[in-house]
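K.L.:
using only what follows, build the 3D model:
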Amino acid sequence: QVQLVESGGGLVTPGESLTLACVTSGFALEYFGVVWLRQAPGKEREGVACISGTGGMRRYADYLKGRFTISKDIGKNSIYLQMNNLKPEDTGNYYCAAQNTGNAHVCSFDHDMDYWGKGILVTVSS
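P.N.:
Numbers count the residues shown, from 1 in each chain. This is a model prediction of the structure:
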């Protein structure tokens, strides 16, 4: 059974950091890209960061300006999103999703997602 389970969300004040984790099971993580997406209140869901199956490709949304870092630990079947200098506009539900792009060296915000987590809430507020 395929599962992706997010954790690490919560309420933080502007400028603080959070690390989200996505624990996966039921599929071979080394062959799937993983994408972190978020949906802010009243807005469409958008890609935040992705990492390829091999880990060699990492992509980030342009607006992040280096504040977020995606990583993976194959041994723990986990993907992480380190978020620094959080801003109120980072508030939203964060989802991890797995995608089989057909190439373990590639991840993409535009490719279909094959499996989804249920999401976790991040709130940035003073």
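K.L.:
rest of the way, CA atoms for contacts and neighbours
P.N.:
Will do.
K.L.:
so Glu89 sits in a strand?
P.N.:
No: counting by DSSP: H, G, I helix; E, B strand; the rest coil, Glu89 falls outside a strand, being helix.
K.L.:
that one: neighbouring residues, count only.
P.N.:
Glu89 has 12 neighbours, counted by other Cα atoms under 10 Å.
K.L.:
equivalent analysis for Lys43, please.
P.N.:
The local packing count at Lys43 equals 9, with neighbours defined by other Cα under 10 Å.
K.L.:
any idea how far it is from Ser17?
P.N.:
Computed with Cα to Cα, to the nearest Å, the distance linking Lys43 and Ser17 is 23 Å.
K.L.:
just Val23 next, same as before
P.N.:
20 Å.
K.L.:
repeat for Asn85
P.N.:
6 Å.
K.L.:
what's the answer for Pro41, then?
P.N.:
Using Cα to Cα, which is the criterion applied here, Pro41 is 20 Å from Ser17.
K.L.:
more neighbours: these two, which one.
P.N.:
Summary of the neighbour comparison: Pro41 and Ser17, criterion other Cα under 10 Å, with Ser17 having more neighbours (16 against 11).
K.L.:
wait, that one sits on Leu86?
P.N.:
Yes: A contact is recorded between Ser17 and Leu86 when judged using Cα atoms under 8 Å, the distance being 6.1 Å.
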